[in-house]
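J.: need a 3D model of the following:
(chains A and B)
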Amino acid sequence: MTSPVQTEDTSVPGGNGPDALTKDGAQETKTQEGLSPGQLMWRRFRRDRTGIISACVVIFFFAIALLAPLISKVYGKDPYTLYGQNSLDLLNEFNMPAGSFGGASGSYWFGIEPNLGRDVFTQLLYGMRTSIFTALGATVLIVVVGVLIGLVGGYFGGTIDYWLGRFTDLMLGFPSQLFMIASMPVITAAFVAPDENTPTWLRAGAIIAVVGGLGWMGIARLMRAATLTMREREFVEAAKISGASPWRIIRKELLPNLWSPILVQATLQLPNTVLNVAFLSFVGVGFVEPTPDWGRMFANGADYIQLDPWYMLYPGVAMVIFVVAFNLLGDSVRDAFDPKSGR
Amino acid sequence: MSENKTTKAVGDSATAVKDRPLLEVEGLTKHFPIYGGFPFKRQVGAVQAVEGVTLDVFPGESLGLVGESGCGKSTTGRMLTRLLEPTGGTIKYEGRDITHANRRELAPIRSEIQMIFQDPYASLNPRQTVGKIISGPMEINDINPPGGREARVRELLETVGLNPEHYNRFPHEFSGGQRQRIGVARALALEPKLIIADEPVSALDVSIQAQVVNLLQELQRERGIAFVFIAHDLSIVRHFSQRVAVMYLGKLVEIADRDTLYSGPRHPYTHALLSAVPETDIDVQKRERIRLVGDVPSPIMPPSGCRFRTRCWKAQDKCATEEPPLVQLSGNKAGHLTACHFPEDPTIDVGARKEDVVMDPALRSLEKDAKKS
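T.: Numbers count the residues shown, from 1 in each chain, chains lettered A, B, ... in the order given. Below you'll find the predicted structure:
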């Protein structure tokens, strides 16, 4: 390299920066469009085979949940009709599926439900639809509340942070599963007269509120910590000196840098929430008949486990695959965002 | 010695530019509270980071602020840009008191005082393109330059010696020096009248330092921007600043124009500081050597009187009881202010003093032994 003074002179009119020559000289002709950290993350993610496979599995689950009405139309059955009661050869004298493998056949792919004789395949489809979308709603609530509380506490600090932090601790102190079971009937009772039926949307709303309201604390704490490290960075101070409002700083400077932990946490949170929603239905405070639901299929399956284990098998395997794939996806997303962590 | 002092403000000094000062700082003080105690937390003390700093910055001049680590240079800089709320004193910008102005009141001034940061790796948002980073301040202040913001950003990139085509790149694709140039471009985006440069080159490697300093100097000359240049590298300050202020433990100990300060410092601390600068020219007459002992005292409990007295070889009883005011000493040029009861001779030649000042007793006995043998 030549002396600094010389390079300084050559650098001024339009050319590359003097130190650009060493680093970017070769690339200059190829591309001027820089890759954003997001694009780099996507590139890393595409090379991760586990990540891609689990992403495909997860997308598959979402697709069949979304397309459940279409699939059931092509398939020709619905989750509400009592097929076993209508045609007598499907259930035996003990009201168990007549055929082997839980009554699975070309027309009833996953067999027949014991007792009522409904189609297991469509029940599972619609059950997943209910559970996944309820869980998705709850996860969105968890992430929004968690990010908001964490960001505000972390950015403003002081008294605001203190009280938000104590509130978070208080919420963490609740035994969440007991509290979920206890509060579900209370919430529905608050909106519906005792002699009326609870509409399904209200139940879904109540589940989202309870699961979401008791699940945001982890993300809030994480976001607070991430914001604290970010707040003292000089680019935030540069924005302050330019006169940016706190809201603008949170939105334009902090949030873009927090997307990766948010995304990672959200992908790891969703399978948990699916399990939580299923748990609520399993213990009988979630969705009720006749709404098909993933968690309640386990509850029903548990009653017949000795006579007809197949009824439990399909929802069980589906849930295991879903949760494992989603967790692997979460890990891959984290690796892609932060290549230095792990390994 | 102390009788023949004349109290004079920096403002009406002859060496400075004749205009009225752009920024007037008086008695600026920052204390960071320390909380402790059980069971009820209360303030148990304060870190007296900056104590009564008084200085003026004139339009178009460059004022260097030097001192060792932790002496309050950066805190002062941050108060000038109002990133920190001063505990005491006043800051006036063009005659307007902005000491405790809130965000809305500061809005019209924000575009005129900008800052260049020390760490080029932390001062740029990694998720924004260079174009967005530089146009951000314009967006916030709703400035629409003729030809659009993008054209202006490209122009600025060219000014700081980067390729305008870098507009859509991200900070992680640049080297430290280039990033610092982006930081300079961002500071220039609002066409400021005053830039606080907080150690703008100390995070860069030496070959790049000169380029960035030259860039800043060029901008200062061409655009008439006033600089407050905070640094601990004395030679860079000498290269860049017309006036230099020396800080020690939160206080201003000496302020003078460049040549006076470097050739005829009066305060013992300035002497010690200058004697620590390595000499590259071996033919030049050997300068005095002053080696201080110990560390800077804690700013939580600073020494009474003169804060330098614990490490000063001239310290006497008076230094502990009476705080020396920052005044013009007899025999000094106008605008050369020193805060010392027993100032040194205005020279840095070794001839003026019979022998080196060695404050460290261990070092002193070592050297005596070496001389004997």
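J.: any regions of the chain where pLDDT drops low?
T.: Because you didn't say which chain, this covers chain A. Applying pLDDT under 70 to chain A picks out residues A:1-34, A:339-343.
J.: not what I meant, chain B
T.: In the predicted model of chain B, residues B:1-19, B:284-288, B:347-361, B:371, B:373 satisfy pLDDT under 70.
J.: please enumerate the helices of it.
T.: Taking DSSP state H to define them, one finds helices in chain B at B:73-80, B:103-110, B:130-140, B:148-159, B:176-188, B:206-223, B:234-240, B:258-263, B:268-275, B:317-321, B:361-372.
J.: cool, and the stretch 101-250 of chain A?
T.: Listed from the start of the chain, the stretch 101-250 of chain A has helices (DSSP state H, counting those that start in this stretch) covering A:120-156, A:158-173, A:176-191, A:200-213, A:217-231, A:234-241, A:246-248.
J.: give me the buried positions along the longest one.
T.: By neighbour count, with 16 or more other C-beta atoms under 10 Å in any protein chain shown as the criterion, the buried positions of helix A:120-156 are A:120-143, A:145-155. The C-beta positions use only the backbone N, C-alpha and C, and glycine is treated the same way.
J.: about what we covered before: turn the helices of chain B into JSON lines, including distance to chain A and mean neighbour count.
T.: Written out in JSON lines, the entries for those read as follows (distance: least, C-beta to the nearest C-beta, whole Å; neighbours: other C-beta atoms under 10 Å in any protein chain shown):
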{"stretch": "helix B:73-80", "distance to chain A": "8", "mean neighbour count": "24"}
{"stretch": "helix B:103-110", "distance to chain A": "4", "mean neighbour count": "14"}
{"stretch": "helix B:130-140", "distance to chain A": "4", "mean neighbour count": "22"}
{"stretch": "helix B:148-159", "distance to chain A": "6", "mean neighbour count": "18"}
{"stretch": "helix B:176-188", "distance to chain A": "4", "mean neighbour count": "26"}
{"stretch": "helix B:206-223", "distance to chain A": "4", "mean neighbour count": "18"}
{"stretch": "helix B:234-240", "distance to chain A": "12", "mean neighbour count": "19"}
{"stretch": "helix B:258-263", "distance to chain A": "20", "mean neighbour count": "18"}
{"stretch": "helix B:268-275", "distance to chain A": "24", "mean neighbour count": "24"}
{"stretch": "helix B:317-321", "distance to chain A": "38", "mean neighbour count": "14"}
{"stretch": "helix B:361-372", "distance to chain A": "36", "mean neighbour count": "10"}
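J.: between those, which one is closest to B:G27.
T.: Closest to B:G27 of those is helix B:73-80 (C-beta to C-beta; 11.8 Å).
J.: quick one: contacts of that closest one?
T.: Outside of helix B:73-80, the residues that reach it under the criterion C-beta atoms under 8 Å, 6 or more residues apart in numbering or on different chains are B:23, B:25, B:28, B:30, B:49-50, B:53, B:65-67, B:84-86, B:91, B:113, B:115, B:118, B:196, B:198-199, B:228, B:230, B:232, B:247.
J.: repeat that for stretch A:268-279.
T.: Stretch A:268-279 is touched from outside by A:131-132, A:134-136, A:138-139, A:142-143, A:177, A:180, A:207, A:211, A:215, A:218-219, A:286, A:293-295, A:298, A:319, A:322-323, A:326-327, A:330, with contacts defined as C-beta under 8 Å, 6+ apart.
J.: just put the helices of chain B in a markdown table and tack on distance to A:Y83.
T.: Rendered in a markdown table, the data for those read as follows (distance: least, C-beta to C-beta, whole Å):
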| stretch | distance to A:Y83 |
| --- | --- |
| helix B:73-80 | 75 |
| helix B:103-110 | 68 |
| helix B:130-140 | 60 |
| helix B:148-159 | 66 |
| helix B:176-188 | 69 |
| helix B:206-223 | 78 |
| helix B:234-240 | 86 |
| helix B:258-263 | 96 |
| helix B:268-275 | 93 |
| helix B:317-321 | 100 |
| helix B:361-372 | 97 |
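J.: thanks a lot, see you next time.
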